[in-house]
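In: turn this into a model:
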Amino acid sequence: MFVENVDDESQNVDDSIVYQGNSNNLSNYRRHSLDSSLAGDSAQATNQLLTSVFSALHLVYEEQKLNTLTWPNVEKMSSFLFRLASDLNLPKYCYCYAIDYPLLMKRYFSSKMHISADIGDCELRGSGCSVDIDPHIYSNLHQLLKGKSLQCPFPYIPNVTVKTERILKIYNCLFTDDMTPATVVFTPLVKTNFNVSQSGDCTNSGKNILKVPEKSPEERVLSYMISMGIDSDELMSWPSGVSLPIQTILKKSSENPDLSLPSAAFQLLGRADLVSQLQPEAGNWKTAKLCPSTDPMRYTWTDAASSDENDEIYDLLREEKEEEELKEERSGPDSSDDNVTRLLFPSDHRMADAHHLLESCEPVKICIVQEPGMDDRDFIEQKQARLLQLLHRSAAQCVGRGMLTYRTQSPSAVQPLKVPLLNLHGKDLSNSTVSITGSTTFEIPAGLTDWPYFHNGVAAALAVQPDKNSQSWVHLNTASTDDDANSSNKDPSFEHAGALLGFGLNHHLKELQTLNVHKYLQKTHETTTVGLLLGLATDKCGSCDLSTMRILSVHISALLPPTSTQLPIPCRVQAAAVTAVGFLYLSSTQRLVAEVMLREIDRTPSSETEATFERECYALSAGFALGMVTLGKGNGMAELSDLSMSDRLYHLMTGRHKRNRVTRA
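Out: Numbering: from 1, shown residues only. Have a look, this model is predicted:
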């Protein structure tokens with residue numbers, strides 16, 4: 001309760017703790033009221049008792065700031081302690097509370113306590129807080145973080161301000177060289193019958209751990225935290241600025257930890273993988289007890305097991321292994337199923353969920369109820385339309401899988417590339433349904449699966465890491481032909497063509513011999529040629545390699561001599577060759593290539609078919625190639641200034657010529 005305009009004649013002990021915001025002589029008034037009410041021999045003792053109580057409350061207040069869960073208490077206590085500190089004429093503490101709770105700053109300046117900031121410090125003598133102590137816990141931690149010892153140890157109350165004691169000791173051990181203590185027991189407790197030696201962290205073991213000279217400060221702090229029961233959950237409750245230096249030290253220590261540490265230390269360091277490796281009888285898998293496969297610790301070790309239990313374990317192991325081999329054969333290897341990954345992140349299943357979402361080996365399930373009166377043929381067409389809608393999602397799965405598994409596999413000299421199965425079929429779950437094939441599985445129309453299978457091959461090739469000794473592996477994968485592929489309903493050359501592009505993006509085609517390149521081109525398979533040309537160009541991106549340019553120029557009529565024979569090259573192959581030239585001459589500003597590409601954008605179609613269906617594809621590819629050749633050069637291309645590229649491109653886009661701006665004076 002706030003009281004205004006109180007007469008001097010009615011003052012008593014209770015009035016000494018009443019706040020009056022509009023009084024100009026607030027400090028003098030309260031000091032006079034307190035002294036007059038405590039006149040006599042007991043005044044000094046009572047005043048000392050009040051300051052001791054205030055000091056204890058202040059230590060509890062600072063403890064609340066070291067736990068994020070108790071931060072709401074700081075605001076409530078700051079207002080009360082500010083009023084109490086102003087009654088006791090302690091401007092240093094009032095400023096501390098005003099810093100933590102800025103709404104009190106106006107009261108601090110209006111009371112004019114900042115003018116005499118040192119008045120009242122003598123009142124803290126004998127209260128447990130020295131006049132030289134910094135009342136703000138964060139200021140003390142900052143002082144230790146700079147490598148400087150505290151001018152006066154910070155007091156703590158055992159079993160009450162536990163975090164204050166522990167954090168100050170940890171900071172003092174990590175960041176200071178001398179052995180000056182950073183904490184001291186609250187003085188009024190020492191003068192009483194309170195047994196300090198059996199409370200808090202004041203045991204001899206806790207002190208000795210931080211003072212072992214044979215160990216490094218990091219090792220001493222780690223041993224101290226384990227002995228005090230500090231785990232990762234408690235570190236999460238500390239303020240971020242306080243726990244960050246400690247977590248940085250722990251992260252550095254986790255890179256090469258001492259294997260003789262207890263298991264709790266490995267848990268604190270985030271190395272649960274080392275805990276499982278150091279378990280006794282870890283190599284005796286016959287005494288293993290099988291756990292669910294989703295559990296990162298798949299096997300828990302027992303002392304003994306009966307013969308029946310062993311038989312069940314063997315059967316479960318065999319069945320699980322067969323299921324994993326079948327799944328890996330159909331959907332490709334799962335990079336998330338890694339022992340180290342599961343041990344490092346035992347509770348994180350996001351990678352496994354992502355792999356599960358991107359699996360494409362199963363047909364999409366379609367469940368549509370046939371409405372009454374609908375013809376069977378119309379119902380089949382409705383299911384096909386639904387399947388075509390789901391085709392885009394199924395085709396996008398391989399693209400996402402390529403990004404998820406990028407360079408996660410190592411090449412093997414004896415094992416060819418495994419391309420995951422891309423199932424673009426649909427499975428009808430409804431009853432009494434007639435489908436195209438006469439069963440519950442029907443196919444989508446032919447011609448729509450070419451590029452999804454191509455992208456599936458690219459994704460499979462992108463998963464292989466570059467290797468200096470991958471020549472034999474590249475020869476193993478590029479020497480296979482369509483006859484060697486497994487027989488299926490789809491043409492396997494589309495996936496192999498995409499794999500060629502993926503090999504080029506991962507720089508595997510440097511080992512491809514020229515003879516094998518000509519063998520691929522002799523097949524005259526359109527998609528294979530597209531993948532090979534783009535793969536060769538991306539493998540040597542920006543190199544302006546002449547041997548690769550000779551191969552590309554054969555497929556571009558504009559780069560052939562006028563007297564050469566016109567070859568019947570498909571438009572998609574020509575567009576791919578033009579784009580490949582852009583990759584090969586990336587940011588080179590080569591004049592001949594830039595001039596040809598600029599001319600090819602506006603090339604007159606050679607036939608009515610090309611003008612109708614294929615003109616836009618070729619023109620867009622030529623524009624991409626021109627942009628890649630001049631990529632990042634801007635207006636600083638002196639060798640291409642006479643081509644007037646910006647004016648010609650503006651004319652092609654708008655049909656008008658670009659007008660020069662005339663500046664007016």
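In: list the buried residues of the helix of greatest length in the chain.
Out: Of all segments of type helix in the chain, defined using DSSP state H, the longest is helix 376-404. Going by neighbour count (16 or more other Cβ atoms under 10 Å), the buried part of helix 376-404 is 379-380, 383-384, 387, 390-391, 394-395, 397-398, 401-402, 404. C-beta: built from backbone N, CA, C; applies to glycine.
In: for stretch 70-78, give me every contacting residue.
Out: Stretch 70-78 is contacted by residues L57, V60, Y61, E63, Q64, K65, Y97, D100, Y101, L104 when judged by Cβ atoms under 8 Å, 6 or more residues apart in numbering.
In: S253 reaches R220, doesn't it?
Out: No - the pair S253 and R220 does not pass the contact test of Cβ atoms under 8 Å, sitting 11.4 Å apart.
In: wait, L210 touches L222, no?
Out: No - if you go by Cβ under 8 Å, L210 and L222 don't touch, sitting 11.0 Å apart.
In: the two: who's more crowded?
Out: Applying other Cβ atoms under 10 Å to L210 and L222 shows that L222 carries more neighbours, namely 25 against 21.
In: next one: the spatially closest residue to the more buried one that is not a sequence neighbour, what pLDDT does it get?
Out: Computed as Cβ to Cβ, 6 or more residues apart in numbering, the closest residue to L222 that is not its neighbour in sequence is A265, at 5.9 Å. On the pLDDT scale, A265 is placed at 87.
In: what about A265, distance to V212?
Out: Distance, A265 to V212, by Cβ to Cβ, to the nearest Å: 15 Å.
In: neighbour-wise, which of these two wins?
Out: The neighbour comparison of A265 against V212 (other Cβ under 10 Å) goes to A265, with 22 against 12.
In: contact partners for the more buried one?
Out: Contacts of A265 by Cβ under 8 Å, 6+ apart are L222, S223, I226, P257.
In: so T630 makes contact with M637?
Out: Yes - under the criterion of Cβ under 8 Å, T630 makes contact with M637 at 6.4 Å.
In: where do the contact lists of those two overlap?
Out: Common contact partners of T630 and M637 (Cβ under 8 Å, 6+ apart): T589.
In: the more surrounded of these two?
Out: Per other Cβ under 10 Å, whichever of T630 and M637 has more neighbours is T630, with 23 against 14.
In: mind checking pLDDT for the nearest residue to the more buried one once chain neighbours are set aside?
Out: The shortest distance from T630 to any non-neighbouring residue, by Cβ to Cβ, 6+ apart, is to T589 (5.8 Å). Looking at T589, its pLDDT reads 89.
In: next, count neighbours for T589.
Out: Count around T589 with other Cβ under 10 Å applied: 17.
In: may I see the buried residues of the helix or strand harbouring the residue nearest to L222?
Out: Using DSSP states H and E, A265 sits within helix 263-269. The neighbour-count check on helix 263-269 (16+ other Cβ under 10 Å) flags A264, A265, F266, L268, L269 as buried.
In: so how far is that helix off the chain centroid?
Out: Computed by Cα atoms, centre = their mean, to the nearest Å, the chain-centroid distance of helix 263-269 equals 23 Å.
In: same question for stretch 592-600.
Out: Using Cα atoms, centre = their mean, the offset of stretch 592-600 from its chain centre is 44 Å.
In: ditto for stretch 362-377
Out: Relative to its chain's centre, stretch 362-377 lies at 43 Å (Cα atoms, centre = their mean).
In: quick one: end-to-end length of it, please.
Out: Length of stretch 362-377, first residue to last, Cα to Cα, to the nearest Å: 26 Å.
In: avg pLDDT for it?
Out: On average, stretch 362-377 scores 83.
In: again, but for stretch 237-252
Out: For stretch 237-252, mean pLDDT rounds to 91.
In: one step back: on the three-state scheme, the residue nearest to T630 is what?
Out: coil (DSSP: H, G, I helix; E, B strand; the rest coil).
In: residues in contact with it?
Out: Contacts of T589 by Cβ under 8 Å, 6+ apart are V629, T630, K633, M637, E639, L640.
In: please apply the same query to I209.
Out: R220, S223, Y224, S227.
In: mind putting the buried residues of helix 376-404 into a markdown table with distance to L534?
Out: Putting those into a markdown table (distance: Cβ to Cβ, whole Å) gives the following:
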| residue | distance to L534 |
| --- | --- |
| F379 | 42 |
| I380 | 39 |
| K383 | 36 |
| Q384 | 33 |
| L387 | 30 |
| L390 | 29 |
| L391 | 24 |
| S394 | 24 |
| A395 | 19 |
| Q397 | 22 |
| C398 | 17 |
| R401 | 20 |
| G402 | 15 |
| L404 | 22 |
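In: so which of these is the closest to S557?
Out: A395 (32.3 Å; Cβ to Cβ).
In: all helices in the stretch 451-600 of the chain, in order from the N-terminus.
Out: Applying DSSP state H, counting those that start in this stretch to the stretch 451-600 of the chain gives helices spanning 471-478, 493-505, 514-522, 526-539, 546-553, 571-584, 591-601.
In: returning to what we had before: Throw the contacts of stretch 70-78 into a markdown table and include pLDDT, thanks.
Out: Formatted as a markdown table, those follow (pLDDT from 0 to 100):
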| residue | pLDDT |
| --- | --- |
| L57 | 92 |
| V60 | 93 |
| Y61 | 93 |
| E63 | 94 |
| Q64 | 93 |
| K65 | 93 |
| Y97 | 89 |
| D100 | 87 |
| Y101 | 86 |
| L104 | 85 |
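In: and the residues you listed, which two are the farthest apart?
Out: E63 and L104 (19.7 Å).
In: pLDDT weak spots in this structure?
Out: Low-confidence segments of the chain, defined by pLDDT under 70, are located at 1-44, 112-132, 188-208, 276-311, 324-343, 430-447, 468-471, 479-492, 606-613, 657-665.
In: go again using 50 as the cut-off
Out: Across the chain, residues meeting the criterion (pLDDT under 50) sit at 1-38, 117-123, 125-126, 194, 196-200, 202-203, 281-306, 431-441, 481-492, 661-665.
In: T565 - how many residues pack around it?
Out: The burial count for T565: 6, using other Cβ under 10 Å.
In: and N516, by the same measure?
Out: N516 has 16 neighbours, counted by other Cβ under 10 Å.
In: quick check: nearest residue in space to it, chain neighbours excluded?
Out: In this structure, N516 finds its nearest non-sequential neighbour in T478, 5.6 Å apart by Cβ to Cβ, 6+ apart.
In: contacts only, for the one you found.
Out: L500, F503, L512, N516, Y520.
In: and the gap between it and A396?
Out: For T478, the distance to A396 equals 27 Å [Cβ to Cβ].
In: hmm, F454 is touching H496, no?
Out: No - using Cβ under 8 Å, F454 is not in contact with H496, being 9.4 Å away.
In: quick one on the thing from earlier: dump the contacts of I209 to a markdown table, plus neighbour count and distance to P416.
Out: Shown next, in a markdown table, are those (neighbours: other Cβ atoms under 10 Å; distance: Cβ to Cβ, whole Å):
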| residue | neighbour count | distance to P416 |
| --- | --- | --- |
| R220 | 20 | 55 |
| S223 | 19 | 53 |
| Y224 | 22 | 55 |
| S227 | 15 | 56 |
